[in-house]
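S.K.: need a structure here:
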Amino acid sequence: MSRAEVSRQRAERAPGVWFGVDVGSVRVGVARSDPRGVLAVPVATLRRDQRLGADLDELSALLSEHEAVGVVIGLPQTLAGRAGPAVREAQDYGQALAARIAPRPVVYVDERLTTVLAQRNLNSSGVRGRAKRSVVDQAAAVEILQSFLDGSTSSTLDSGNRPAAPPE
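M.R.: Residues are numbered from 1 along each chain as shown. You can find the predicted model right below:
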């Protein structure tokens, strides 16, 4: 996909419940906002099912259950702002989700360091070992969504159901 095809406009945030998603190769962290779109809270960690897409079905059901108005997916760019294989994986996940939840928008945000920040926050809260492993993806999804809600992401991009390109 060429850079000309990618929308670089800031997504207009519709009022209502938004979901944040941290896509991993093994697990998918899920968070949601309150109905006013002020505070992100953890929801679930889904087991990634790349073969059958059961995680996408579970996520779609959660979106319907909470009457979500949109989804924010983190793009794990490198610290230099480049796209690697993990960005492509997140984009593919977003496109598959967008097909299931249309016309709700899927928006991509730069998620550099969200997992590190989530781990640091969990450590400072005394969460360790297996307990941390089971919630770190949710905590990262909270960080992704909260940055979108706060408008503090440097590269929030309206997907138009398309992935974001790395900065130049």
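S.K.: got a list of what Val26 touches?
M.R.: Residues in contact with Val26 (Cβ atoms under 8 Å, 6 or more residues apart in numbering) are 47-48. Heads up, the C-betas are built off the backbone N, CA and C, glycines and all.
S.K.: Try it again at 10 Å.
M.R.: For Val26, the contacting residues are 45, 47-48, 50, 137, by Cβ atoms under 10 Å, 6 or more residues apart in numbering.
S.K.: Tell me where the model's unsure across this structure.
M.R.: 1-12, 78-81, 112-134, 152-168 (pLDDT under 70).
S.K.: in it, which spans are strands?
M.R.: With DSSP state E, the ranges of strands along the chain come out as 18-23, 27-33, 40-47, 70-75, 106-110, 157-158.
S.K.: quick one, which of these is packed in tightest?
M.R.: strand 18-23 (a mean of 28; mean count of other Cβ atoms under 10 Å).
S.K.: Run the angle between it and strand 40-47 for me.
M.R.: Angle, strand 18-23 to strand 40-47, by axes from the mean of the first three to the mean of the last three Cα atoms, to 10 degrees: 40 degrees.
S.K.: Pull up the pairing partners for strand 18-23, direction included.
M.R.: Note on strand 18-23: by DSSP bridges, its sheet partners are strand 27-33 (antiparallel), strand 70-75 (parallel).
S.K.: Measure how that strand sits relative to strand 106-110, angle-wise.
M.R.: Using the same axes, to 10 degrees: strand 18-23 against strand 106-110 is 60 degrees.
S.K.: What residues does the spatially closest residue to Glu67 that is not a sequence neighbour make contact with?
M.R.: Nearest residue to Glu67, sequence neighbours excluded (Cβ to Cβ, 6 or more residues apart in numbering): Val17, at 6.1 Å. Applying Cβ under 10 Å, 6+ apart, we find Val17 in contact with 32-37, 63, 65-70.
S.K.: Next one: Val23 from Ile101, what distance?
M.R.: With distances taken as Cβ to Cβ, to the nearest Å, Val23 is found 15 Å from Ile101.
S.K.: name the helices or strands packed onto the lengthiest helix in the chain?
M.R.: Determined from DSSP state H, the single longest helix within the chain is helix 129-150. Where contact means 3 or more Cβ pairs under 10 Å, 6 or more residues apart in numbering; DSSP states H and E, helix 129-150 is packed against strand 18-23, strand 27-33, strand 40-47, strand 70-75, strand 106-110, helix 114-124.
S.K.: Leu145: which of those is closest?
M.R.: Nearest of the helices and strands packed on helix 129-150 to Leu145, taken as Cβ to Cβ: strand 18-23 at 2.6 Å.
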